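Chemist: Mind folding the following:
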Amino acid sequence: MSLESGIESLKRGEFVLLFDSAGRENEIDMVVAAEFVTPEHVARMRQHAGGLLCIAIEHNFANSLELRYMHEILADSPISNKEMIMGLAPYGDHPTFSISVNHYQTYTGITDKDRSLTIREMANIFKVENKKKKFVSSFKTPGHVPLLIASEGLLSKRQGHTEMSVYLSKIAGLTPVTAICEMMDAQTYTALSVDKAEKYAKQNAIPLIDGKELLEFAKVH
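Modeler: Below you'll find the predicted structure:
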């Protein structure tokens, strides 16, 4: 079962591939638990996935840091171009973007070393007592790693890669913070197809989890 092998892979600090669904974004993301991220993980996501590398975090954790969705921040800002603010995306969901951050010890923030530090330290905050104080003293914004806030009800409310990856980390017993990156195809200039992702998964011994399987699991549990 791909879900079981996926959970084991995450626990070892290795990648899983996650397909949302054909009726949604129809995309496959490379996913790794943020607490294990190294510069090697970032380099691999950059080279083999190539989409936007983001940190997905659980809703309650985001609340403890007093983070808000970017569309809410912009709606409350004095910008006059309110019609620019993204409502529902073409696939039917609100975006989960919040602010983007760099850890204060980074230099430009974009190198594999810098981004891995930002991602790993974001996960480490989950384990400290005064999360907000640690967050404010450790991170700068705007930065090079966007934060994504998972919906409050996780999969019951939204079935995106943000929610699915955070849910996976929770059932794996890990910190509910993940690094995710969409897989792109340099031949078609579009998202990588499921067929090609399956081939990549086999060649690299990475479990490929179908969102449908995850939703079925969530319903039972």
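Chemist: Name the residues of stretch 21-38 that are buried.
Modeler: Within stretch 21-38, the residues scored as buried using 16 or more other Cβ atoms under 10 Å are 21, 24-25, 27-38. (Each C-beta comes from the backbone N, C-alpha and C, glycine too.)
Chemist: Looking at those residues, which is nearest A49?
Modeler: M30 (4.4 Å; Cβ to Cβ).
Chemist: Going by residue numbers, what spans are strands in the protein?
Modeler: 16-19, 28-33, 54-57, 97-103, 139-149, 177-182, 184-185, 190-191, 208-210 (DSSP state E).
Chemist: what's the closest of those to A201?
Modeler: strand 208-210 (4.1 Å).
Chemist: for the record, mean pLDDT for the closest one?
Modeler: For strand 208-210, mean pLDDT rounds to 94.
Chemist: Please name every helix or strand in contact with it.
Modeler: helix 2-11, strand 16-19, helix 194-204 (3 or more Cβ pairs under 8 Å, 6 or more residues apart in numbering; DSSP states H and E).
Chemist: Contacts for that strand, please.
Modeler: For strand 208-210, the external contacting residues (Cβ atoms under 8 Å, 6 or more residues apart in numbering) are 2-3, 6, 16-19, 28, 164, 168, 197-198, 201.
Chemist: In its sheet, which strands sit next to that strand, and in what direction?
Modeler: strand 16-19 (parallel) (DSSP bridges).
Chemist: Any idea how far the partner strand is from the middle of the chain?
Modeler: In this view, strand 16-19 has its centroid 11 Å away from the chain centroid, taken as Cα atoms, centre = their mean, to the nearest Å.
Chemist: ok, residues contacting that strand?
Modeler: 6, 9-10, 27-32, 161, 164-165, 168, 180, 183, 194, 197, 200-201, 206-211, 214.
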